[in-house]
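Visitor: For reference, the sequence and a predicted model appear below.
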Amino acid sequence: MTGRFLIIGPPGAGKGTQAALLAGRFGIPAIATGDIFRENIKNETPLGLEVKSIVDAGDYVPDALTNELVKDRLAKPDATDGFLLDGYPRTLSQVAFLDALLAQEGQKLDAVIRLVVDVEVVVERLRKRAAQQGRSDDTEEAIRHRQEVFKRETAPLLEVYEAAGLLVTIDGIGEVGEIAERILDGLRSRAIEVPSAAGQN
Ligand code: ADP
């Protein structure tokens, strides 16, 4: 089964959790730009050293850098038949880049999953994650800043994907499994074939 999907939502919306479940179900890689940046920062690669202060402050890495990173990742064999991008695109310029990249390959997106979560819930979740995981951009200040940047830079993307008829809007409040089911139902309602769960066919 294949599919080319995006998952979009504010920081703390639970994108990573849902992305892993959905990608597993479709047998496609979940590609999170934030994870790739953090991995590079941890390993002190040239890219990591370049983006560390930006990521720690909760600002967006420049589009040119982010776009190249995604281009390289999508060129890997495991992504040729499908992928789920988490945290990309986040700006209109990244949207245009991704569109062009896919068009070059004769590909297009199947759906854009939008996770909607109340801002208060999100800030509380991120506070907990900060306590558990110690992510260096989960300070109170950076959390609030990331919410603002999302509203300013990424919310406009939703209009673009809505106009393209790709948006699947999902209530992101509830149990993890419940939300995962909502996403699958949302995809089915767009006539996307969802693979049966392992062991259930
Ligand atoms: P969150 O959703 O909590 O902000 P992510 O792991 O998605 O966490 O992203 C962490 C950080 O990585 C962002 O604040 C930003 O600095 C950087 N980043 C991730 N994806 C992008 C992107 N598409 N464009 C620019 N910067 C990005």
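Guide: On my side now, so go ahead. Numbers count the residues shown, from 1 in each chain.

Visitor: thought residue 183 was touching residue 172?
Guide: No. Counting by C-beta atoms under 8 Å, residue 183 stays clear of residue 172, with 9.5 Å between them. In short, each C-beta sits where N, CA and C put it, glycine included.

Visitor: joint contacts of the two?
Guide: residue 18 (C-beta atoms under 8 Å, 6 or more residues apart in numbering).

Visitor: Quick check, pLDDT for the residue nearest to the spatial centre of the chain.
Guide: The centroid of the chain falls nearest to residue 86 when counting by C-alpha atoms, centre = their mean (1.6 Å). Residue 86 is assigned 97 on the pLDDT scale.

Visitor: For the ligand, tell me whether stretch 135-146 is touching it.
Guide: Yes. Against the ligand, stretch 135-146 shows contacts by C-beta under 6 Å from any ligand atom at 137, 146.

Visitor: can you list the weak-confidence ranges in the chain?
Guide: By pLDDT under 70, the low-scoring segments of the chain are 1, 199-201.

Visitor: which residues of it fall in helices?
Guide: With helices called from DSSP state H, the chain shows them at 15-26, 33-42, 46-57, 63-74, 92-104, 119-133, 140-149, 155-163, 176-188.

Visitor: The first one to helix 33-42, inter-axis angle?
Guide: Interaxial angle of helix 15-26 relative to helix 33-42 (axes from the mean of the first three to the mean of the last three C-alpha atoms, to 10 degrees): 110 degrees.

Visitor: Residue numbers of this structure in contact with the ligand?
Guide: So the chain meets the ligand at 11, 32-34, 37, 54-55, 58-61, 66, 87-88, 90, 94, 137, 146 (C-beta under 6 Å from any ligand atom).

Visitor: Now, of these, which are buried?
Guide: The neighbour count (16 or more other C-beta atoms under 10 Å) marks 11, 32-34, 37, 55, 58-61, 66, 87-88, 90, 94, 137, 146 as buried among those.

Visitor: what's around residue 198, how many residues?
Guide: Residue 198 is flanked by 9 other residues according to other C-beta atoms under 10 Å.

Visitor: Could you report the distance from it to the ligand?
Guide: Residue 198 is 27 Å from the ligand, where distance means C-beta to the nearest ligand atom, to the nearest Å.

Visitor: residue of this structure with the smallest distance to the ligand?
Guide: Using C-beta to the nearest ligand atom, the closest approach of the chain to the ligand is made by residue 34 at 1.8 Å.

Visitor: Dihedrals phi and psi, the closest residue to that residue other than its chain neighbours?
Guide: Spatial nearest neighbour of residue 34, excluding adjacent residues (C-beta to C-beta, 6 or more residues apart in numbering): residue 87 at 4.8 Å. Dihedral angles of residue 87 (phi, psi; degrees, to the nearest 10) stand at phi 90, psi 10.
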